[in-house]
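S.K.: Show me how the following folds:
(chains A and B)
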Amino acid sequence: MEVHAERDGGALIAQAAGRIDGSNAREFESALRATLSKQDSALILDMQSLSYISSAGLRVILMVAKMLQRRGGKFMVCSLSESIDEVFEISGFNRIIPTHATRSEALAALGE
Amino acid sequence: MSRKLSLEIDPRVEELSAITAAVEQFGDAEKWPPDMVFQINLVIEELGLNIMTHGKSEDLEKIEITLTAEGESLTIEIVDNGHPFDPTREAPEPDLDVGLRERAIGGLGIHIVRNLVDNLRYRRQGGRNHVTLVKERVR
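M.R.: Reported below is the predicted structural model:
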């Protein structure tokens, strides 16, 4: 699992790659927190290169989504594989976290 | 004819990667689509982690996982000697209808399992938990 961060306009984009499971979900959490500064008010989690995620990783995503909400920021995810999209739906995450097909769609939604 | 994969792991999260590799190899031989490999790894991880966290007892030594492929269905049996835990009854369903602020953190693992398999059974026998899942092939 790797997290690569970059900025585009006012948004921080974190690209997660590889697998997020019970053995490395804490690393994923630390990596996300380390990329996010206090000034960041918008975070897009790009899952283009993510091949697997279990409930341990979903837990981290939910925590980060709640944290952004508390500080009045925005959080969204993009580029989910079919398998991950299904898990998002089963978990009801698609109802509480804005989900976009591509990064550019997510960025466009942020600008609205 | 049925094909089998038998695995035995220590109850430690680090052991999950060994399962993943073995399931991927078995799935390749069975010509499973990628979504099927993903889902099988996911249900095994969720049930395995559940045993390691909630079912943990001093007696818990090994977790045995057996996959049996026959025709279009796959049966997975997970056996452990931890505390009795019935995933068909004991894990409460998460409330998915609340907003982000009210949404509880955690409690998703067994919910995901219930939604990804076609049949989930539990029995306690000889001081061990036996969880049996049946999954019809994903196309």
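S.K.: from here on, contacts and neighbour counts on C-alpha atoms
M.R.: Will do.
S.K.: And the strands in the chain?
M.R.: I'll assume chain A. With DSSP state E as the criterion, chain A has strands at A:2-8, A:11-20, A:42-46, A:50-53, A:74-78, A:99-100.
S.K.: should've been chain B
M.R.: Under the criterion DSSP E, strands of chain B are mapped to B:3-9, B:63-70, B:73-80, B:119-125, B:128-136.
S.K.: Quick one: list the elements packing against the second one.
M.R.: Under the contact definition 3 or more Cα pairs under 8 Å, 6 or more residues apart in numbering or on different chains; DSSP states H and E, strand B:63-70 sits against strand B:3-9, strand B:73-80.
S.K.: cool, and the first one?
M.R.: Judged by 3+ Cα pairs under 8 Å, 6+ apart, strand B:3-9 is in contact with strand B:63-70.
S.K.: Would you pull up how far the strand it packs on lies from the middle of the chain?
M.R.: Its chain's C-alpha centre and that of strand B:63-70 lie 10 Å apart, by Cα atoms, centre = their mean, to the nearest Å.
S.K.: could you check the angle strand B:3-9 makes with it?
M.R.: Inter-element angle recorded for strand B:63-70 and strand B:3-9: 170 degrees (by axes from the mean of the first three to the mean of the last three Cα atoms, to 10 degrees).
S.K.: And strand B:63-70, what's buried?
M.R.: Within strand B:63-70, the residues scored as buried using 16 or more other Cα atoms under 10 Å in any protein chain shown are B:Ile63, B:Glu64, B:Ile65, B:Thr66, B:Leu67, B:Thr68, B:Ala69.
S.K.: okay, now the closest residue in space to the third one that isn't next to it in sequence: neighbour count?
M.R.: Okay, so that is B:Ile65. Nearest residue to B:Ile65, sequence neighbours excluded (Cα to Cα, 6 or more residues apart in numbering or on different chains): B:Ile78, at 4.6 Å. B:Ile78: 21 surrounding residues under other Cα atoms under 10 Å in any protein chain shown.
S.K.: what sits against the residue sitting furthest away from the middle of chain B?
M.R.: No residue in chain B sits farther from the centre than B:Arg101, which is 29.6 Å out by Cα atoms, centre = their mean. Taking Cα atoms under 8 Å, 6 or more residues apart in numbering or on different chains, we find B:Arg101 in contact with A:Lys66, A:Gln69.
S.K.: quick revisit: possible to save the helices and strands packed on strand B:63-70 as JSON lines with distance to A:Ser79 and mean pLDDT?
M.R.: As requested, those are exported to JSON lines (distance: least, Cα to Cα, whole Å; pLDDT from 0 to 100):
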{"stretch": "strand B:3-9", "distance to A:Ser79": "33", "mean pLDDT": "96"}
{"stretch": "strand B:73-80", "distance to A:Ser79": "30", "mean pLDDT": "97"}
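S.K.: which of the ones you listed is buried the deepest?
M.R.: Neighbour counts (mean count of other Cα atoms under 10 Å in any protein chain shown) averaged over each of the helices and strands packed on strand B:63-70 peak at strand B:73-80, with a mean of 21.
S.K.: how far away is the residue lying closest to B:Ser73 once chain neighbours are set aside from chain A?
M.R.: Distance criterion Cα to Cα, 6+ apart; nearest residue to B:Ser73, sequence neighbours excluded, is B:Glu136 at 4.4 Å. Using Cα to the nearest Cα, to the nearest Å, one gets 16 Å for the distance from B:Glu136 to chain A.
S.K.: For B:Glu136, list the residues it contacts.
M.R.: For B:Glu136, the contact set (Cα under 8 Å, 6+ apart) comprises B:Glu72, B:Ser73, B:Leu74, B:Val117, B:Asp118.
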